[in-house]
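>>> Output the structure for:
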Amino acid sequence: MKRICEFLDYQLFFPREATDFFNGVMDQLLAMRETDGGKGRVDMLQIMIDAHKEKDEDSTDGAKAHGKKQPLTRDDVVANGIGFFNAGYDTVSITLSFLLYHLALDQEIQDKVRQEIHDVTDGESLVDYEAVQKMSYLEMCVMETLRLYSLVPFLVRVAAEDVQLKDLTIPKGMGVSVPVVAIHYDPARWTDPRKFIPERFTKAEREKRNPYDWLPFGAGPRNCVGMRLALMELKVGVAKILMKYRVTTGPDTVVPVKLNYMAAVPHT
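The predicted structure is shown next:
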């Protein structure tokens, strides 16, 4: 696919100017890290640089043997860098929009969140990591938003061994698609699945539920590496907004929200 896109000068996911921008950013970062050797750096970029193969042309056909540990090419580093930019900004802003939408629709829930924020911060403007950890109702609202509007419609995993599910045999090595959205809207798992009910995520309710019923960040050793950062950003963002403003619907607010199902990630 990469060679075909390059030959046709076709940008599959990003326009040319966006790709050129990120290539420039990564060139600068790689040059900076080469200068100081990455001393004291313990971040994802440095991990990729340490795994980076200095000469991309050493690869014969650009393909990587399945199951074999191989060094990263420069394209690998840049592609993952773009992925982190996209995953770190776009997903949080979309989720924040959906959360504010539901707080605008239900002023009672919004008042509960605002009161909790006021109680925790005691009227202070500072909202830090320690503060948002105490905002349990806000966290419940965030988790319910992620259930309703999971940015990952499905997960793909590879079977590590042969598995028998009733009459279905899944052989070792087969790819398995996990339908996240279908699980999140399954009435057998969630009562009134299309309603925004933060109380689904009280400690008592979470303990009763199968942990794999809620999968916006995936699960297991390959779940989202940015999960904790994303949750913190969402809670801090909502707290800062509600400390100054009340969110309300407008004359053109669409109820219920209409989603663009053709998008790579759900949005209005």
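>>> okay, CA-based contacts and neighbour counts for the rest of this
OK.
>>> Tell me which residues touch Phe217, please.
In this structure, Phe217 makes contact with Val152, Asn223, Cys224, Met227, judged by C-alpha atoms under 8 Å, 6 or more residues apart in numbering.
>>> could I get the residues you listed as JSON lines with distance to Lys166 and neighbour count?
What follows is these, written out as JSON lines (distance: C-alpha to C-alpha, whole Å; neighbours: other C-alpha atoms under 10 Å):
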{"residue": "Val152", "distance to Lys166": "27", "neighbour count": "18"}
{"residue": "Asn223", "distance to Lys166": "27", "neighbour count": "13"}
{"residue": "Cys224", "distance to Lys166": "30", "neighbour count": "14"}
{"residue": "Met227", "distance to Lys166": "34", "neighbour count": "14"}
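>>> Tell me how far stretch 153-164 lies from the chain's centre.
Relative to its chain's centre, stretch 153-164 lies at 20 Å (C-alpha atoms, centre = their mean, to the nearest Å).
>>> again with stretch 230-246
Counting by C-alpha atoms, centre = their mean, stretch 230-246 is centred 17 Å from the centre of its parent chain.
>>> Going by neighbour count, which residues in it are buried?
Judged by neighbour count (16 or more other C-alpha atoms under 10 Å), stretch 230-246 contains these buried residues: Ala230, Leu231, Met232, Glu233, Leu234, Lys235, Val236, Val238, Ala239, Leu242, Met243.
>>> Show me these that map onto strands.
Using DSSP state E, no member of the buried residues of stretch 230-246 sits in strands.
>>> Let me have those residues in CSV, extended by distance to Asn210.
Shown next, in CSV, are those (distance: C-alpha to C-alpha, whole Å):
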residue, distance to Asn210
Ala230, 23
Leu231, 21
Met232, 24
Glu233, 26
Leu234, 24
Lys235, 24
Val236, 28
Val238, 28
Ala239, 29
Leu242, 32
Met243, 35
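>>> what's the closest of those residues to Asp106?
Comparing these against Asp106 with C-alpha to C-alpha picks out Leu242 as the nearest, at 13.9 Å.
>>> Lys112 is in contact with the closest one, correct?
No - with contacts defined as C-alpha atoms under 8 Å, Leu242 does not count as touching Lys112, sitting 10.9 Å away.
>>> Buried residues, stretch 128-143. List them.
By 16+ other C-alpha under 10 Å, the buried positions in stretch 128-143 come out as Val132, Met135, Ser136, Tyr137, Leu138, Glu139, Met140, Cys141, Val142, Met143.
>>> ok, now stretch 108-115?
Counting neighbours by 16+ other C-alpha under 10 Å, one finds that the buried residues in stretch 108-115 are Ile109, Gln110, Val113, Arg114.
>>> what's near enough to touch the first one?
This points to Ile109. When contacts are counted by C-alpha under 8 Å, 6+ apart, Ile109 is found next to Leu103.
>>> Ok, the second one next?
Gln110 is in contact with Leu103, Ala104, counting by C-alpha under 8 Å, 6+ apart.
>>> so which strand or helix has it?
Remark: Gln110 resides in helix 107-121, with elements defined by DSSP states H and E.
>>> CA atoms of stretch 169-177 as PDB?
What follows is stretch 169-177, C-alpha atoms only, in PDB (Å, rounded to 0.1, in the frame of the first residue of the first chain):
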ATOM      1  CA  THR A 169     -13.400 -23.200  16.300                       C
ATOM      2  CA  ILE A 170     -11.000 -20.300  16.300                       C
ATOM      3  CA  PRO A 171      -7.500 -21.600  15.200                       C
ATOM      4  CA  LYS A 172      -4.300 -20.200  16.700                       C
ATOM      5  CA  GLY A 173      -3.100 -17.200  14.700                       C
ATOM      6  CA  MET A 174      -6.500 -16.200  13.400                       C
ATOM      7  CA  GLY A 175      -7.500 -12.500  13.600                       C
ATOM      8  CA  VAL A 176     -10.600 -11.900  15.800                       C
ATOM      9  CA  SER A 177     -12.700  -8.700  15.600                       C
END
